[in-house]
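Q: Coordinates only, no sequence provided:
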């Protein structure tokens with residue numbers, strides 16, 4: 001979904017969502033695109049993220065995404081995970097501590113699991129794992145979310161170790177982000193070591 005390049009401010013994004021949400025029958029593309037805009041275009045996001053996250057409007061957008069997450073295209077979904085990582089990386093918002101946010105992130109991780117086998121582009125993987133890396137503190141603090149993330153990582157490593165033609169196409173940026181993700185979760189499994197070896201060959 002196209003959203004004009006520059007929004008005046010976060011309130012304009014909230015206003016667009018409020019006046020148009022009834023026209024899309026719960027389609028998640030609009031709130032997903034707006035959150036991506038907020039995450040990538042807000043100046044000094046680290047300082048303003050908490051105030052944005054703890055608004056009713058932001059929570060409403062997350063709920064709209066959650067209801068029909070599976071309808072997002074692969075690119076929209078990955079860009080949304082990346083945006084959520086930027087929004088919540090350093091936040092200590094009240095929303096982050098709610099059961100709603102717990103279930104929302106759980107649903108994100110379960111949706112990632114459904115899509116892993118369809119990842120065919122190194123940059124897609126890079127943006128996806130960058131988002132997950134930025135959500136590390138939120139995920140690692142919760143045993144259930146940690147379990148979901150473990151499954152994501154296990155399936156991603158299996159995917160990379162069986163799709164050698166995909167791994168061979170990784171550019172330095174994608175290698176860097178994937179390595180940071182695996183190291184953020186201290187992964188020293190046999191499957192991770194195989195991926196490390198594959199990336200080492202690319203960098204020599």
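A: Received the coordinates, thanks. Every value quoted in this text rests on a predicted model; they were computed, and no experiment measured them. Numbers count the residues shown, from 1 in each chain.
Q: Point out the other elements, helices or strands, that the helix or strand where residue 57 lies touches.
A: For residue 57, the host element (DSSP states H and E) is helix 56-67. Packing contacts for helix 56-67, counted by 3 or more Cβ pairs under 8 Å, 6 or more residues apart in numbering; DSSP states H and E, involve helix 10-20, helix 29-41, helix 99-115. Yep, even glycine has a C-beta here, placed from its N, CA and C like the rest.
Q: now for the next helix or strand after the second one, which elements pack on it?
A: Spelled out, it's helix 29-41. Downstream of helix 29-41, the first helix or strand assigned by DSSP H and E is helix 45-53. Counting contacts by 3+ Cβ pairs under 8 Å, 6+ apart, helix 45-53 packs against helix 74-88.
Q: Tell me what angle the helix holding residue 57 forms with helix 74-88.
A: For helix 56-67 against helix 74-88, the angle by axes from the mean of the first three to the mean of the last three Cα atoms, to 10 degrees is 140 degrees.
Q: Geometrically speaking, which residue is the centre of the chain?
A: residue 81 (1.6 Å; Cα atoms, centre = their mean).
Q: didn't it look like it was pressed against residue 112?
A: Yes. Taking contacts as Cβ atoms under 8 Å, residue 81 lies within contact range of residue 112: 7.1 Å.
Q: overlap in contacts of those two?
A: Common contacts of residue 81 and residue 112 (Cβ atoms under 8 Å, 6 or more residues apart in numbering): 128, 132.
Q: Against residue 56, how distant is the nearest residue to residue 161 once chain neighbours are set aside?
A: Sequence neighbours aside, residue 194 is the residue nearest to residue 161 in space, at 5.1 Å (criterion: Cβ to Cβ, 6 or more residues apart in numbering). Relative to residue 56, residue 194 is positioned 46 Å away (Cβ to Cβ, to the nearest Å).
Q: higher neighbour count, these two?
A: residue 194 (14 against 8; other Cβ atoms under 10 Å).
Q: in what helix or strand does the more buried one lie?
A: With DSSP H and E as the criterion, residue 194 is inside helix 190-202.
Q: how's this protein carved up into domains?
A: As assigned by automatic domain parsing, the chain contains the domains 1-97, 118-204.
Q: Buried ones in stretch 28-40, by neighbour count?
A: By neighbour count on 16 or more other Cβ atoms under 10 Å, the buried set for stretch 28-40 is 28-39.
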